[in-house]
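**Student:** The following comprises the amino acid sequence and a computationally predicted model.
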Amino acid sequence: SRYRIALVVGSLRRDSFNRKLAQALLRLAPPDFEFQRVEIGDLPLYNQDDDGHPAEPVKRLKREIGEAQGLLFVTPEYNRSVPGVLKNALDHGSRPYGQNAWAGKPAGIIGVSVGAIGTALAQQHLRNMLAYLDVPTMGQPEAFLHAKEGLFDADGGIGEGSRAFVQGWMDRYADWVRKHAG
Ligand code: FNR
């Protein structure tokens, strides 16, 4: 069987390192995995008043999460947490009460930052939210990537210095999804 993964990138920036990382990661995935990048940039700011009549992008988000067997979060760190756009998407997907679209979908978290300890604290905050949302999130290996020269090769893949590490992460992630997908 095939596994469809909803890919959530926590940056809206055109030249985002995290978007680049997501692209490079997909190339390392097993052939029975397919990824659908979930758009979060056009979601309105979450407002509980709208639970009864969600906007079109919100319905689309919930549908795409619902169709997925797994989740992949690739996110930068903003001010030692996740970007607001990612929190906003998590909130949208979790509501209305009792209709949490994220629940039970196995997830992996990875990210790249220009800062030295980059994304470790963002990932920790994300783990807290996903635990509450009943998402089984892979604990190990952790991956905190640094946006330094050579992280990506000329072809947009993971550079030689990090490739084996990132491939190992992806292999474990794929195992995690296979083990926990319903
Ligand atoms: C940052 N950045 C950052 N980096 C980090 O390692 N820890 C942090 O807490 C923050 N905080 C932060 C806040 C805000 C508002 C911005 C715009 C940036 C720097 C961040 O790592 C850098 O901008 C990355 O390039 C963002 O990821 P993308 O957009 O390239 O994927």
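**Tutor:** Here it is on my side, so go on. Keep in mind that what you see is a predicted model, and the values were worked out from it rather than measured.

**Student:** Now do the contacts for the residue of the chain found nearest the ligand.
**Tutor:** Nearest to the ligand in the chain, going by CB to the nearest ligand atom, is G115, at a distance of 2.6 Å. No exception for glycine: its C-beta is placed from N, CA and C like everyone else's. Neighbour list for G115: E77 [criterion: CB atoms under 8 Å, 6 or more residues apart in numbering].

**Student:** Tell me the secondary structure at it.
**Tutor:** coil (DSSP: H, G, I helix; E, B strand; the rest coil).

**Student:** which phi and psi does it have?
**Tutor:** phi -80, psi 150 (degrees, to the nearest 10).

**Student:** Roughly how far does the spatially most central residue of the chain sit from P83?
**Tutor:** Centroid-nearest residue in the chain, with CA atoms, centre = their mean: F73, separated by 1.0 Å. As defined by CB to CB, to the nearest Å, F73 lies at a distance of 11 Å from P83.

**Student:** Same check on H125?
**Tutor:** 11 Å.

**Student:** re the thing from before, right, and the residue nearest to the centre of the chain touches L126 too?
**Tutor:** Yes. Counting by CB atoms under 8 Å, L126 is a contact partner of F73 at 6.2 Å.

**Student:** Need the overlap of contacts for the two.
**Tutor:** L86, I109.

**Student:** Can you pick out the residue with more neighbours from H125 and P83?
**Tutor:** P83 (21 against 16; other CB atoms under 10 Å).

**Student:** can you give me the strands in this structure?
**Tutor:** Remark: strands assigned in the chain by DSSP state E are 3-9, 33-37, 70-74, 107-113, 144-146.

**Student:** Can you tell me which of those strands is packed in deepest?
**Tutor:** The highest average neighbour count among those, using mean count of other CB atoms under 10 Å, belongs to strand 70-74 at a mean of 26.

**Student:** gap between it and the chain center?
**Tutor:** 3 Å (CA atoms, centre = their mean, to the nearest Å).
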